[in-house]
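# With the sequence up front, the predicted model follows.
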Amino acid sequence: MDLIEFFDKVEAERDMRGVSVGDEDIVVNCNGADILLPTNLVASLPWDILYSALHGNGDITVLRHMTRVVGYYSRVENWNKSKLGELKDRHNGDYTLDKCE
């Protein structure tokens, strides 16, 4: 699949946005998470496999999870056990504000 076709398909999905292209990678925001895809992977796989992988339903393990913490993006697989625990706690957190009276 060429990149233009990939971009068109991503833009057509309601839960995907924020596609950007780097030197060798493409970043897709899917359900609020930034997912890094190698450009050569996008070029070599059909849309149905890429779609499944972006939604966590595939067996592809070359996808990297990136997150933005303190102003910059970093690859989660490089994090230590403590930082991974902090990320998990952030996802499970209750960030609602109590009503002030």
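Yep, that arrived.
# out of everything not next to it in sequence, what's closest to the residue nearest the centre of the chain?
Closest to where the C-alpha atoms of the chain average out (CA atoms, centre = their mean) is Ile35, at 2.1 Å. In this structure, Ile35 finds its nearest non-sequential neighbour in Val28, 5.1 Å apart by CB to CB, 6 or more residues apart in numbering. Glycine gets a C-beta too; all of them are placed from N, C-alpha and C.
# in the sheet, who's paired with the residue nearest to the centre of the chain?
Beta-bridge partners for Ile35, by DSSP bridges, are Val28, His65.
# Show the pLDDT at it.
Note on Ile35: pLDDT of 83.
# ok, longest helix in this protein?
helix 81-92 (DSSP state H).
# so Leu37 is in which element?
Leu37 belongs to strand 33-38 when assigned by DSSP states H and E.
# Buried ones in that strand, by neighbour count?
Buried residues in strand 33-38, counted by 16 or more other CB atoms under 10 Å: Asp34, Ile35, Leu36, Leu37.
# Distance from the chain centre to the helix or strand following that strand, please.
Counting by DSSP H and E, the next helix or strand C-terminal to strand 33-38 is helix 39-44. Centroid separation for helix 39-44 versus its chain: 16 Å, with CA atoms, centre = their mean, to the nearest Å.
# and the next element down the chain from helix 39-44?
Taking DSSP H and E, what comes next after helix 39-44 is helix 47-54.
# and the angle for that next one with strand 33-38?
130 degrees (axes from the mean of the first three to the mean of the last three CA atoms, to 10 degrees).
# Alpha carbons of helix 47-54, as PDB, please.
Only the C-alpha atoms of helix 47-54 are listed here, as PDB (Å, rounded to 0.1, in the frame of the first residue of the first chain):
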ATOM      1  CA  TRP A  47      -4.900  -2.200   5.200                       C
ATOM      2  CA  ASP A  48      -6.900  -4.900   7.100                       C
ATOM      3  CA  ILE A  49      -3.700  -6.100   8.800                       C
ATOM      4  CA  LEU A  50      -2.600  -2.600   9.600                       C
ATOM      5  CA  TYR A  51      -6.000  -1.700  11.000                       C
ATOM      6  CA  SER A  52      -6.100  -4.800  13.200                       C
ATOM      7  CA  ALA A  53      -2.600  -4.000  14.500                       C
ATOM      8  CA  LEU A  54      -3.400  -0.300  15.200                       C
END
